[in-house]
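>>> fold the following for me, if possible:
(chains A and B)
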Amino acid sequence: MIALRFHRDLYAGVAVDEAVKAYARFAQFELEEAPGEWVVKITARTPEREKKVALELGNMALGLTVRKKEEKS
Amino acid sequence: MVVFAAMTSSLKGLPPGLVSADLEQGSARLSVDANVYSLDALRAAAYVFMDRCYVFLTKPDEAHFAVTLSPKDGKADEASLTAWVGELANELLATSWRLKIADENRPLVETITSQAFAGALGPPSLDELAAFDFGDEAPFEDPLGIAQSWEEKYGKKKGAPDAAAEKKEEKK
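Prediction:
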């Protein structure tokens, strides 16, 4: 299991949610709230797949955060 | 499994306090001073690398951000990680500068845009022109008399003798 910790100042919560939904069919996700962070726990069939999903999820959450920020401005 | 772990080694030629690498995981991390670079600049710079690297942002403390890069092509030796981090640092500087210029030019851009939209509404009517308030001061200076009509500038002055009539009298 991999736990990704998205800092709330850096990532939009909506972006993290959307990214998790996008990769829902590739792994199992568990979302938790910690002080100042959104924690996403990823479980997949193999460790390699978990790592790949975690890396892609991080990119997608960042991309969506940037796009949402641009839409607002 | 650890994806974005604490980095273990430094990269040659880069300051060890700011840059670290995990050659086993194939990733490098750049620490960014939050007082020097804005979050917008950091996000914009990170966005540029997303097609070639996996990028993850963290905030280890209030005064710092950290960017972790993992190249997608799998080349994660010391030389390529050093190149990636160097490129990221350059991009960070470039995006900061672009944002500063954009902020400084924002009023000018907004003025030009609003004037363009106003122009697109069509020409003013004669009533609107007649009602236009120029204020107390003259709308513009005209030292060469360009705005004057031909009659105002060269026409016969009131009370001045008629040149044609004078010629007739001379003939007599």
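>>> B:Arg52: neighbouring residues, count only.
Number of residues near B:Arg52 (other Cβ atoms under 10 Å in any protein chain shown) recorded here: 13. All C-beta atoms are positioned from the backbone trio N, CA, C, and that covers glycine.
>>> quick one: classify A:Leu10 as helix, strand or coil.
Put simply, A:Leu10 is coil when judged by DSSP: H, G, I helix; E, B strand; the rest coil.
>>> ugh, wrong one, B:Gly17
With three-state DSSP as the criterion, B:Gly17 reads coil.
>>> who's the closest residue to it other than its chain neighbours bridged to?
Spatial nearest neighbour of B:Gly17, chain neighbours left out: B:Ser31 (7.2 Å); criterion: Cβ to Cβ, 6 or more residues apart in numbering or on different chains. Here B:Ser31 shows beta-bridge partners B:Ala66, assigned using DSSP bridges.
>>> what's the burial count for B:Ser31?
Neighbour tally, B:Ser31, other Cβ under 10 Å: 17.
>>> quick one: contacts for it?
Neighbour list for B:Ser31: B:17-19, B:60, B:64-66 [criterion: Cβ atoms under 8 Å, 6 or more residues apart in numbering or on different chains].
>>> out of those, who has the most neighbours?
Using other Cβ under 10 Å as the neighbour criterion, B:Phe65 leads the contacts of B:Ser31 with 24 neighbours.
>>> residue contacts, the closest residue to it other than its chain neighbours?
Leaving aside its chain neighbours, B:Phe65 sits nearest to B:Val32 (4.4 Å; criterion: Cβ to Cβ, 6+ apart). Taking Cβ under 8 Å, 6+ apart, we find B:Val32 in contact with B:42, B:64-67, B:92.
>>> burial check on B:Glu24, number of neighbours?
11.
>>> and the strands in chain B?
B:19-22, B:27-33, B:53-61, B:64-71 (DSSP state E).
>>> okay, these in JSON lines with distance to A:Ala3 next?
Listed next are those as JSON lines, based on distance: least, Cβ to Cβ, whole Å:
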{"stretch": "strand B:19-22", "distance to A:Ala3": "17"}
{"stretch": "strand B:27-33", "distance to A:Ala3": "17"}
{"stretch": "strand B:53-61", "distance to A:Ala3": "13"}
{"stretch": "strand B:64-71", "distance to A:Ala3": "15"}
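>>> so which of those is nearest B:Phe140?
B:Phe140 lies closest to strand B:27-33 among those, at 51.2 Å (Cβ to Cβ).
>>> and the closest one, how far from the chain's centre?
On the basis of Cα atoms, centre = their mean, to the nearest Å, strand B:27-33 sits 27 Å off its chain's mean C-alpha point.
>>> likewise stretch B:62-75?
Relative to its chain's centre, stretch B:62-75 lies at 27 Å (Cα atoms, centre = their mean).
>>> next: stretch A:32-45.
When C-alpha coordinates are averaged (Cα atoms, centre = their mean), stretch A:32-45 and its chain have centres 8 Å apart.
>>> kindly report the same for stretch B:80-95.
With Cα atoms, centre = their mean, you get 22 Å for stretch B:80-95.
>>> and the residue lying closest to A:Arg5 once chain neighbours are set aside, how many neighbours?
Nearest residue to A:Arg5, sequence neighbours excluded (Cβ to Cβ, 6+ apart): A:Glu37, at 4.7 Å. Close neighbours of A:Glu37, defined as other Cβ under 10 Å, add up to 18.
>>> which ones are touching A:Glu37?
Contacts of A:Glu37 (Cβ under 8 Å, 6+ apart): A:5-8.
>>> recalculate using a threshold of 10 Å.
By Cβ atoms under 10 Å, 6 or more residues apart in numbering or on different chains, the residues touching A:Glu37 are A:4-11, B:58-59.
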